[in-house]
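predicted coordinates and the sequence they were generated for:
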Amino acid sequence: MGEIISNTDALLRLMEAVDSDNFGAVLDTGHLHAQKEILPLSVEKLGSHIRYVHASDNDGQTNQHLVPGTGTVDWEGVFLALKKHAFSGYVAVDVGNVPKLDAAYTASKTFLEGLARRLEV
């Protein structure tokens, strides 16, 4: 995907090297999924280091930025893992290159809020 830190384990190694409480992780679901990461496992590995979630979906093969729930990301697994680690940060919608962008943002918000309510996150 052209990332300098391309997977969860690489980020953990960087965090160990930097050794700062102020260094947190952005969980970018679209990028990690396209990198073939298992997202709930990424959340387990990063745990309380996750400060922010960048939410987009894709088919797990290309770095698309689709509406969450329209690709193959395991959203329930991601949210349950975030809940387990008491995530209290922000979740930002990251869709792009889709028709009707305003509608895509609205659909993303509706999907993510509905999932969070259903799972009591």
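Received, thanks. Numbers count the residues shown, from 1 in each chain.

what's the closest non-adjacent residue to residue 51?
Excluding the flanking residues, the one nearest residue 51 by CB to CB, 6 or more residues apart in numbering is residue 24, at 3.5 Å. (C-beta placed from N, C-alpha, C; glycine too.)

next up, phi/psi of the one you found, please.
phi -120, psi 180 (degrees, to the nearest 10).

need the contact list for residue 63.
1, 30, 31, 34 (CB atoms under 8 Å, 6 or more residues apart in numbering).

typed the wrong thing, it's residue 97
So, once contact is read as CB under 8 Å, 6+ apart, residue 97 ends up touching 64, 65.

how much space between it and residue 104?
Residue 97 is 10 Å from residue 104, where distance means CB to CB, to the nearest Å.

with residue 55 instead?
12 Å.

same check on residue 80?
25 Å.

so what does the longest helix seen in the chain touch, helix or strand wise?
In the chain, assigned by DSSP state H, the helix with the most residues is helix 101-119. Using 3 or more CB pairs under 8 Å, 6 or more residues apart in numbering; DSSP states H and E, the elements in contact with helix 101-119 are helix 75-84, strand 90-93.
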